[in-house]
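Visitor: Got a sequence here, can you build the structure:
(2 chains)
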Amino acid sequence: MRASASTFAQGVDFSLYVIVGISVFFLIGITIVMLYFVFRYNKKRNPVATNIEGSHKLEVIWTAIPTLLVMVMFYFGWMGYKPLRKAPDGALEVKAYGQMWKFSFEYPDGRITDSLVVPLGKPVKVNLVSRDVLHSFFIPAFRMKEDMVPGKDNFLWFEATEKGRFDILCAEYCGQLHSYMLSSVTVVEDAQYEQWLASTAGTSNEHPGLALLKQNACLTCHSQDGSKIIGPSFKGVFGKTEIVVTDGVEREIVIDEAYISRSIKQPNADVVKGYMKGLMVSYEAVLTDEQIASITDYIKTLQ
Amino acid sequence: MTAVSTQLSFFDTRKGLFSWIFSVDHKRIALLYLYSLITFFLVGVTLGLLMRYELLNPGKDLVEAKTYNQIFTLHGVIMIFLFIIPSIPAVFGNFFLPIMLGTDDVSFPKLNLLSWWVYIVGALMALSTLVFGDGPADTGWTFYAPYSVKTGTNVTMSVLAAFVLGFSSILTGLNFIVTIHRLRTPGMTFLKMPLFAWALYATSWIQLLATPIIGITLLMITAERVLGVGLFDPSIGGDPILYQHLFWIYSHPAVYIMALPAFGVISEMLPTFSQRTIFGYKAIAFSSLAIAFVGYFIWGHHMFTSGMSGTARFIFSMLTFLVAIPTAIKVFNWVATLYKGSINVQPPLLYTLAFIFQFMIGGFTGLVLGALATDIHLHDTYFVVGHFHYVMFGGTGFAFFGALHYWYPKIWGRMYNITMANIAFVIFFIGFNMLYFPMLIVGLMGMPRRYYDYLPEFHLPNMISTYGSWVLATGLILMLANLAAGFFKKGPKVGRNPWNGITLEWQTLSPPPVQNFDRMPEIPLNGPYDFENKPAIKE
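Guide: So this is what the prediction gives:
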């Protein structure tokens, strides 16, 4: 088992111990009885069998006991789970986006990050949004998980009880690079968290277009070095002549500002021949025209 | 009655390929199913071994991510739709249900042949994705929307294949229900039927009533992919959660289509090898019906993390626990059947004992997943994969191979090498547990399922699991080679009743004649397992 690092984890682990405890007891008990019977009533030791049709008393007993036990298990499962669905008022709210194949987070002050930073011992509510297909937001150390469903708002909340860095994994199969859809949550002291909040986001010197490409998970499918991942590489793409498929008809075009902008807004309109249609979603509502221009600007530099 | 020895077996009456593939004899159709099932099973096993090899180490071992995703999808589709759903009913149900009921065939022999043909067409459609189109689907066997609507791989063909296979399942179910109602031999009331017939009866109702739902759902996916009708993809106005509901309304009861026939087989083998009556006949018979019934109302436990309302999660979790009760009753009655028996330890009994042990692990891990708090952590992790394989392979798969060892002498009239069968069993059993137990551990550690690559901390359990897959494969090869040797190298001939069983199939010749019985079968006085009043069987 991993570290147990949230208030919720204790409830989960407790119900796990209850259920596994009862189960192991019965598994071992029944197996031993079974093997003992096979040994004791082997035809060498017991050449003549006794026909026993059944016993009402036993049937009642072994209906009643499992009924009782499973209701106990159900109860602990429910009690351990109940707190998960009610986030305390005043919890810090963060929006988590899932898209093929990257998590990103939006803080109340508008900053967008690749990984989560949260204060120790404070409730955090994560609102889950998917931009394309199903994903599932899973923090093993916190024992929690909830699906990110396109078109539907889900959430989870937690209160971290341990400092450190914990993995965030995608648990719902989402296509080719599902197993690489990873992020992390870093739990820090309150003061450190305040400090982190106060620091200005994006202090690096990288091209703003590159920052946008990273933020929007563009680079998980489009490489910068010419290698083919899922979509065409950005390297040398600007000004290149390509054959695209428009409504099932092939035609030749030159990749220019208009094509890049159209491909971001309507990714299925003109698909470069040899690539799959339907995997990319429209970013029309996500990126402004200035941002698209900045991205185009950066792509021009990749020659 | 004519002299026994002049009766030709069903193998010898007619010869040639066409006398098989167009046969309406339930025994020949059963063997057609057996040979096709084993073929597809071996394809599925090969794909499973490739997956395990890829997961031996973190990073790439063998194939690219996309290929891996296609492999696990095809593995699932083949194992679920082509092997485990038809397995016991289509092979042993077809062969033995009419004989155990004391009749000469199923109610609709031509429909029976049609269902095999439909099965073959569906199977070829599923396998055609390997060769034609943009490659096999990469969605997982659950075909979850909206990914299954968006991906460029050949989902449409895979989905249509599953749709066609559903018809085969429906027709077999229908045939069995009518056969059980109409063709029982005089004097065999419902409560004097063997438990295998009871299990098939419960299964058949699920096949008949639940399969149409998956058929419609799969057609809806096709409509969405081909015609752009917005049903499940929110970007065109659909609801992905609706898909999950529709899918699991069938696919959860389908788990019982896969498990109940295995319960039936186990309930046959235990009395035979204990030489005594089954403990709690009615409890076992009715618990099958209870499982089939309650099994309809618990599909939501596959969706505890999908954002369903708290009320729905509460109800589905509670109902899920209810299904554990009839299952527990069965296990207790099976173990009690060994009590004061005169136990003959033979290969089929070893598979039975392994079944009970592994099925219990499958059941208990199911309780862990049925509880809400623990499911939130374990949902969609390798724990689920381990649980599922313990139930389906450790349970139904072991029951299938147990049944094959049990009825082998009746089907072919010859015996395999018992010592070799025992050795193969031990290797198979060790391999199985080595392969799947580490999955439970790595799932608890938090490794999600359908993972092409994994974090370094998951390495050790994955390595053990892969080594286990090689042990399992060794056991499987030995087992099948031993059975094939008995068949091709002509193992020793057996009489009518090599295991000293009591159900009606042991009263006829091995192999049975075309009409199943060379003399009128005699049913025991007090129920099907009344060993005290067992009719004397003359060779």
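
Visitor: tell me which parts of the stretch 101-250 of chain A are close to chain B?
Guide: The stretch 101-250 of chain A comes close to chain B at residues A:132-134, A:136, A:138, A:140-141, A:143-147, A:149-152, A:154, A:167, A:169-180, A:182, as judged by C-beta under 8 Å from any C-beta of the partner chain. Heads up, the C-betas are built off the backbone N, CA and C, glycines and all.

Visitor: From what I see, A:P47 and B:G341 are in contact.
Guide: No: using C-beta atoms under 8 Å, A:P47 is not in contact with B:G341, being 11.0 Å away.

Visitor: These two - which one has more neighbours?
Guide: Higher neighbour count among A:P47 and B:G341: B:G341, with 29 against 9, using other C-beta atoms under 10 Å in any protein chain shown.

Visitor: Can you name the residues that contact the closest residue to that one other than its chain neighbours?
Guide: Nearest residue to B:G341 in three dimensions, chain neighbours excluded: B:S274, at 2.9 Å (C-beta to C-beta, 6 or more residues apart in numbering or on different chains). Neighbouring residues of B:S274 by C-beta atoms under 8 Å, 6 or more residues apart in numbering or on different chains: A:Y41, A:A49, B:T337, B:L338, B:G341, B:S342, B:I343.

Visitor: In the stretch 51-200 of chain A, mark out all the helices, start to finish.
Guide: Using DSSP state H, counting those that start in this stretch, the helices found in the stretch 51-200 of chain A span residues A:56-81, A:190-198.

Visitor: about what we covered before: so the residue nearest to B:G341 versus B:T320, what's the distance?
Guide: Between B:S274 and B:T320 the distance is 32 Å, computed by C-beta to C-beta, to the nearest Å.

Visitor: and if you look at A:A141?
Guide: As defined by C-beta to C-beta, A:A141 lies at a distance of 27 Å from B:T320.

Visitor: what does A:F74 give?
Guide: Counting by C-beta to C-beta, the gap from A:F74 to B:T320 is 8 Å.

Visitor: Check A:K277 too.
Guide: Counting by C-beta to C-beta - A:K277 and B:T320 are separated by 40 Å.

Visitor: my read: B:P409 touches B:N500, true?
Guide: No: using C-beta under 8 Å, B:P409 is not in contact with B:N500, being 11.8 Å away.

Visitor: residues in contact with the residue sitting nearest the centre point of chain B?
Guide: The centre of chain B sits closest to B:I84, judged by C-alpha atoms, centre = their mean, with a distance of 3.4 Å. Shown in contact with B:I84 (C-beta under 8 Å, 6+ apart): B:M258, B:M392, B:T396, B:G397.

Visitor: For the residue of the stretch 201-303 of chain A found nearest chain B, grab phi and psi.
Guide: Closest approach between the stretch 201-303 of chain A and chain B, counting by C-beta to the nearest C-beta: A:M276, at 3.5 Å. Dihedral angles of A:M276 (phi, psi; degrees, to the nearest 10) stand at phi -80, psi 140.

Visitor: same deal with the one 4 residues further on?
Guide: Dihedral angles of A:M280 (phi, psi; degrees, to the nearest 10) stand at phi -100, psi 140.

Visitor: that older thread, sort out which of the residues of the stretch 101-250 of chain A next to chain B are buried, if you could.
Guide: By neighbour count, with 16 or more other C-beta atoms under 10 Å in any protein chain shown, these hold A:132-134, A:136, A:138, A:140-141, A:143-147, A:149-150, A:152, A:154, A:167, A:169-179 as buried.

Visitor: In the stretch 401-539 of chain B, what residue lies closest to chain A?
Guide: Closest to chain A within the stretch 401-539 of chain B is B:G446: 2.8 Å, counting by C-beta to the nearest C-beta.

Visitor: Chain neighbours aside, what residue packs nearest to residue 133?
Guide: Answering for chain A, as no chain was given. Nearest non-adjacent residue to A:V133 (C-beta to C-beta, 6+ apart): B:Y147, at 4.2 Å.

Visitor: meant chain B actually
Guide: Nearest non-adjacent residue to B:G133, counting by C-beta to C-beta, 6+ apart: B:N154, 3.8 Å away.

Visitor: The one you found contacts B:F132, correct?
Guide: Yes: counting by C-beta under 8 Å, B:F132 is a contact partner of B:N154 at 7.3 Å.

Visitor: Looking at the two now, which is surrounded by more residues?
Guide: B:N154 (20 against 10).

Visitor: does the more buried one have beta-bridge partners, and which?
Guide: Note on B:N154: beta-bridge partners by DSSP bridges are B:P136.

Visitor: Next, the contact list for it, please.
Guide: By C-beta under 8 Å, 6+ apart, the contact set of B:N154 is B:T129, B:F132, B:G133, B:D134, B:G135, B:P136, B:A137.

Visitor: helix/strand/coil for the fourth one?
Guide: Read that as B:D134. Secondary structure assignment for B:D134 (DSSP: H, G, I helix; E, B strand; the rest coil): coil.

Visitor: Quick one: list the elements packing against the biggest helix by length in chain A.
Guide: If you go by DSSP state H, chain A has its longest helix at helix A:7-40. Secondary-structure packing of helix A:7-40 (3 or more C-beta pairs under 8 Å, 6 or more residues apart in numbering or on different chains; DSSP states H and E): helix A:56-81, strand A:154-159, helix B:310-338, helix B:347-370, helix B:372-378.

Visitor: for it, what is the average pLDDT?
Guide: For helix A:7-40, mean pLDDT rounds to 94.

Visitor: before we move on, what about stretch B:429-444?
Guide: The model assigns stretch B:429-444 a mean pLDDT of 96.

Visitor: where exactly do the strands run in chain A?
Guide: For chain A, strands defined by DSSP state E occupy the ranges A:92-99, A:102-106, A:112-113, A:116-119, A:123-130, A:135-139, A:144-148, A:154-159, A:164-170, A:182-188, A:241-246, A:249-254, A:270-272.

Visitor: Could you dump the ones you listed into CSV with distance to A:P83 and mean pLDDT added?
Guide: Shown next, in CSV, are the strands of chain A (distance: least, C-beta to C-beta, whole Å; pLDDT from 0 to 100):
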stretch, distance to A:P83, mean pLDDT
strand A:92-99, 17, 93
strand A:102-106, 23, 91
strand A:112-113, 27, 86
strand A:116-119, 17, 94
strand A:123-130, 10, 94
strand A:135-139, 15, 95
strand A:144-148, 11, 93
strand A:154-159, 9, 93
strand A:164-170, 19, 94
strand A:182-188, 19, 94
strand A:241-246, 51, 84
strand A:249-254, 56, 85
strand A:270-272, 47, 85
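
Visitor: Give me the number of neighbouring residues for the closest residue in space to A:P267 that isn't next to it in sequence.
Guide: The shortest distance from A:P267 to any non-neighbouring residue, by C-beta to C-beta, 6+ apart, is to A:M280 (3.9 Å). Counted with other C-beta under 10 Å, residues neighbouring A:M280 total 23.

Visitor: same thing with B:A65?
Guide: When neighbours are counted by other C-beta under 10 Å, B:A65 comes out with 19.

Visitor: Considering the contacts of B:N154, which possesses the most neighbours?
Guide: B:A137 (27 neighbours).

Visitor: do you know how far it is from chain A?
Guide: Per C-beta to the nearest C-beta, to the nearest Å, B:A137 is found 12 Å from chain A.

Visitor: Which pLDDT value goes with B:P234?
Guide: Predicted confidence (pLDDT) for B:P234: 87.

Visitor: Same check on the one 4 residues further on?
Guide: What the model reports as pLDDT for B:G238 is 88.

Visitor: Please consider this matter closed, and thank you.
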